[in-house]
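Novice: Structure, please.
(one chain, ligands or ions: 2)
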Amino acid sequence: MNDIVPISLSGVENKRPIIIAGPCSAESEQQTLDTAHRLSAMGIKIFRAGIWKPRTKPGSFEGVGSVGLPWLKRVKAETGMYTATEVATVRHVEEALEAGVDVLWIGARTTANPFSMQLIADALKGVDVPILVKNPVNPDLELWIGALERLYNAGLKQIGVIHRGFTTYEKHLYRNLPHWHIPIELRRRLPHISIFGDPSHIGGSREFIAPLSQQAMDLGYDGLIIESHCNPTDALSDASQQVTPDELANILSSIVVRNTSLITETLSRLRQRIDNLDNDLISLLAERMRVSREIGHYKKENNMPVLQTHRYDEILTKRMEQAAKMGMSTHFMKSILEAIHEESVQQQIRLFNEK
Ligand code: PEP
Ligand code: MN
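Specialist: Ligands and ions are numbered 1, 2, ... in the order given. Sure thing, here's the model as predicted:
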């Protein structure tokens with residue numbers, strides 16, 4: 001999947017972070033357009049809104065459905081923003097494409113289902129639409145990558161991912177646990193893929209949006225997808241994690257976007273120093289073993305035993321004191337010396353056994 005390309009929408013600068021914002025759900029034409037106009041006025045270029053909502057229990061608000069698609073069309077026509085929505089079935093895909101939705105995303109529950117993913121991939125054969133795949137609800141990197149492969153095999157190239165956190169049984173501070181190592185490993189395996197952080201769904205509460213966005217930026221994510229509603233407390237879904245467009249503007253202005261290539265450069269210089277020091281350490285250890293073998297020869301010629309406990313005690317005590325003075329724990333130094341001593345004794349014993 002090396003030829004996956006970042007989602008490219010003309011007029012949307014490829015500058016970190018790329019922001020996708022909008023309500024969890026399109027609830028009414030007025031709420032959709034009101035939110036969109038306010039977001040557009042602050043420079044947001046990609047508008048999200050769920051049309052079909054995957055809810056845990058039937059009977060909760062399950063999205064307005066197809067009647068909301070013309071509202072997204074109006075958003076495009078009136079603001080020039082691109083639109084994005086979640087698709088979970090072949091019908092969703094067909095209707096969204098028909099209505100001119102620009103970016104599709106796959107929800108966490110759908111990513112977790114290979115049958116659904118395959119049907120969606122088949123429905124998208126031959127269509128060059130940008131698609132973002134949320135992580136599956138369960139912390140399974142292979143399942144996430146499998147979903148990407150199904151889309152890739154169907155010919156899609158503009159594929160990105162959304163990190164929205166993982167379900168847990170126990171209650172936690174966050175609604176969904178981030179398990180940061182999973183998207184980090186995904187980035188290692190697929191270095192070219194764009195990663196969007198979804199602080200709204202990870203945190204589940206609006207106060208976590210800023211710190212989680214910052215963390216995503218510090219990890220070099222390409223963008224953020226954040227839920228914003230013109231009247232969050234009255235939202236029909238995910239009310240506690242949505243912010244007004246004004247609050248979103250504040251959050252975005254508070255985020256520090258560090259230059260990852262600079263971080264990488266500094267890091268690789270420091271890592272080079274560690275590599276050099278490790279080389280020196282290994283050469284020193286080899287030299288120490290050589291001297292130790294020389295001592296072994298001497299003991300053998302003079303019929304002395306390999307182990308001389310008082311000498312070992314003396315070394316341990318002295319070195320531990322030295323280590324403590326240099327800011328290392330005596331416990332750490334003791335285990336290093338024990339390991340060195342053991343190898344040293346082994347080397348001398350081998351020598352004693354030689355004819
Ligand atoms: C959403 O984006 O509103 C949504 C339902 O997300 P998820 O699939 O991450 O639960
Ligand atoms: Mn939501």
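
Novice: And the residue lying closest to residue 55 once chain neighbours are set aside, how far from ligand 2?
Specialist: Nearest non-adjacent residue to residue 55, counting by CB to CB, 6 or more residues apart in numbering: residue 62, 5.4 Å away. All C-beta spots, glycine's among them, are computed from the backbone N, C-alpha and C. Here the criterion is CB to the ion, to the nearest Å. By it, residue 62 lies 13 Å from ligand 2.

Novice: which secondary structure element contains residue 62?
Specialist: If you go by DSSP states H and E, residue 62 is not part of any helix or strand.

Novice: confidence score at residue 163?
Specialist: pLDDT recorded at residue 163 is 98.

Novice: ok, the residue nearest to residue 55 - contacts?
Specialist: Each residue near residue 62 by CB atoms under 8 Å, 6 or more residues apart in numbering is listed here: 52, 53, 55.

Novice: Would you list the phi and psi of it?
Specialist: The phi and psi values for residue 62, taken as degrees, to the nearest 10, are phi -100, psi 30.

Novice: Ok, residue 195 next?
Specialist: phi -110, psi 130.

Novice: one step back: drop anything exposed from the contacts of residue 62.
Specialist: 52, 53 (16 or more other CB atoms under 10 Å).

Novice: between the contacts of residue 62, which is nearest ligand 2?
Specialist: residue 53 (7.7 Å; CB to the ion).

Novice: pretty sure that closest one contacts residue 109?
Specialist: No. The criterion here is CB atoms under 8 Å, and residue 53 misses it with residue 109 at 10.8 Å.

Novice: which residues touch stretch 324-337?
Specialist: Contacts for stretch 324-337 (CB under 8 Å, 6+ apart): 315, 316, 319, 320, 321, 322, 323.

Novice: hmm, try it at 6 Å
Specialist: 316, 319, 320, 323 (CB atoms under 6 Å, 6 or more residues apart in numbering).

Novice: Which residue ranges make up the domains of this protein?
Specialist: Each domain of the chain is listed here as a residue range: 18-259, 263-353, per automatic domain parsing.

Novice: and among the ones you listed, the most buried is which?
Specialist: domain 18-259 (a mean of 19; mean count of other CB atoms under 10 Å).

Novice: Can you give me the end-to-end span of that domain?
Specialist: 15 Å (CA to CA, to the nearest Å).

Novice: Report all helices and strands that the strand or helix carrying residue 91 contacts.
Specialist: Using DSSP H and E, residue 91 falls within helix 90-98. When contacts are defined as 3 or more CB pairs under 6 Å, 6 or more residues apart in numbering; DSSP states H and E, helix 90-98 packs onto helix 114-123.
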